[in-house]
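In: sequence first, predicted coordinates after that:
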Amino acid sequence: MKIETKTAHFSSPLYLESGRILEPYEIAYETYGELNADHSNVVLVCHALSGSHHAAGVYEGERKAGWWDGLIGDGKGIDTRKYFVISTNVIGSCFGSTGPMSNNYSTQAPYRLKFPVVTIKDMIRAQMHLLSDLGIHHVRAIVGGSMGGMQALQFAVDYPNFADDIIALAATYATRPWTIAFNKVAVEAIRRDPRFKHGNYEKDDFKEEGLDGLAIGRIAGHISYLSPDSMDDKFGRNYVGTDGLFELFGRYEVERYMEYNTNNFSRIFDPLSYLYIVKAINTFNLSRGYDSLHDAISRIKANVHLISFSSDYLFFPSEMEHIAKMMARNGQAHSYLEVKSNYGHDAFLVEVEKFEAHIREVLELGIRN
């Protein structure tokens, strides 16, 4: 599989939903496979909160594969022998695209809290600029899970003629209070950490030790991404062998897992980017800018394929099913699949084998048509 990693630079302004302007800006992106002569084999992949443009493959000298490597590659569900896959890093992230710790062009100092709030609409508008710059004005499909699924659905509504198929996994039509409440834990833990310094930290301040506030907030995130059954299966009531049962801070295995994963995460993910992306997730609402959700959904012309997971407690299956029912009433082309899973929200990342064939079929049927 051919992998290329690039950064696109834009001097033209990006007009944001808030009324503010981002200028200039950059988008990091990765491509897999080869673009065909008529540009008809493009699949756009959108990432979730903590993801990046590195969706598949392994970089030279590293062992960790891209976050959806099980789905994207030669002979896989999104077959890079057939499709030219583009994965972009969203505006606001800390993995190469312009974000809050990028330098403000006018001051040559990081934006920090002066960075504008960005929305899912803004993220996809920036991606449209990138694709247009690459000479791509129509795509075979757009695929994404969680926040990536939000982007895919927003593409379907805002740019009805842009994609043949939209495949959204573990997403929703609007972020509900339950999810916003989980996100609030992370927001407040970061804001109240003294080392956060109200956003006035330096770029490498957390490279060695991480930020405790982000680590604590990420624990809340992990709980929402999993499910009670998946925790039972993975950890049971197993106790850490080296910790005493009657030590006050002795740990169960589930506690050690949370500590290890969240501490590592807080070393590599910028806390300001986390705050800005969480804000984009919280404000997501497909109906904003339209008269109603029905009005927004009615704009869709692509074939929409909705995939939910039975144990997802972050974006419940009923939320995806609600979109499917609206499309059914409108006579719009769609499919709905609820995957039986005990893994929770993260099933879209870890149980690829349960929906890979479905995605392969969607893409192959489109080519035959």
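Out: That came through fine. Residues are numbered from 1 along each chain as shown.

In: in the stretch 1-150 of the chain, where is pLDDT below threshold?
Out: Within the stretch 1-150 of the chain, no range satisfies pLDDT under 70.

In: tell me which stretches of it form helices.
Out: 120-133, 147-158 (DSSP state H, counting those that start in this stretch).

In: which is the next helix or strand following the shortest one?
Out: Under the assignment DSSP states H and E, the closest C-terminal helix or strand after helix 147-158 is strand 163-169.

In: tell me the buried residues in the next helix or strand after that next one?
Out: On the C-terminal side of strand 163-169, the closest following helix or strand by DSSP H and E is helix 177-191. Across helix 177-191, burial judged by 16 or more other CB atoms under 10 Å covers 179, 182-183, 185-187, 189-190. From N, CA and C alone the C-beta is placed, and that goes for glycine too.

In: include pLDDT and distance to N342 when you put those residues into a markdown table, please.
Out: Shown next, in a markdown table, are those (pLDDT from 0 to 100; distance: CB to CB, whole Å):
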| residue | pLDDT | distance to N342 |
| --- | --- | --- |
| T179 | 96 | 20 |
| F182 | 94 | 20 |
| N183 | 96 | 24 |
| V185 | 96 | 24 |
| A186 | 96 | 25 |
| V187 | 97 | 29 |
| A189 | 97 | 28 |
| I190 | 98 | 31 |
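
In: identify, from the residues you listed, the entry nearest to F316.
Out: Distance to F316, by CB to CB, is smallest for T179 among these, at 9.6 Å.

In: OK, contacts around the closest residue to the closest one other than its chain neighbours?
Out: Distance criterion CB to CB, 6 or more residues apart in numbering; nearest residue to T179, sequence neighbours excluded, is L314 at 5.6 Å. Each residue near L314 by CB atoms under 8 Å, 6 or more residues apart in numbering is listed here: 146, 170, 178-179, 182, 224-225, 344-345.

In: quick revisit: same list (the buried residues of helix 177-191) but as JSON lines, adding distance to Y15.
Out: As requested, the buried residues of helix 177-191 are exported to JSON lines (distance: CB to CB, whole Å):
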{"residue": "T179", "distance to Y15": "28"}
{"residue": "F182", "distance to Y15": "31"}
{"residue": "N183", "distance to Y15": "26"}
{"residue": "V185", "distance to Y15": "33"}
{"residue": "A186", "distance to Y15": "29"}
{"residue": "V187", "distance to Y15": "26"}
{"residue": "A189", "distance to Y15": "33"}
{"residue": "I190", "distance to Y15": "29"}
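
In: and V139, which of the helices of the stretch 1-150 of the chain is closest to it?
Out: Nearest of those (CB to CB): helix 120-133, 7.3 Å.

In: which helices and strands does the closest one pack with?
Out: Contact here means 3 or more CB pairs under 8 Å, 6 or more residues apart in numbering; DSSP states H and E; on that basis helix 120-133 packs against strand 3-10, strand 14-15, strand 25-32, strand 42-46, strand 84-88, helix 147-158, helix 271-282.

In: what does the second one contact?
Out: Contacts of strand 14-15 with the rest of the structure, by CB under 8 Å, 6+ apart, involve 21-23, 25, 91, 122, 125-126, 129.

In: got a winner among the residues you listed for most neighbours?
Out: Tallying neighbours with other CB atoms under 10 Å puts I91 at the head of the contacts of strand 14-15, with 28 neighbours.

In: what sits against the residue nearest to the spatial centre of the chain?
Out: The chain has A48 as the residue nearest its centroid, 1.2 Å off, counting by CA atoms, centre = their mean. With contact set as CB under 8 Å, 6+ apart, A48 has these partners: 144-148, 349.
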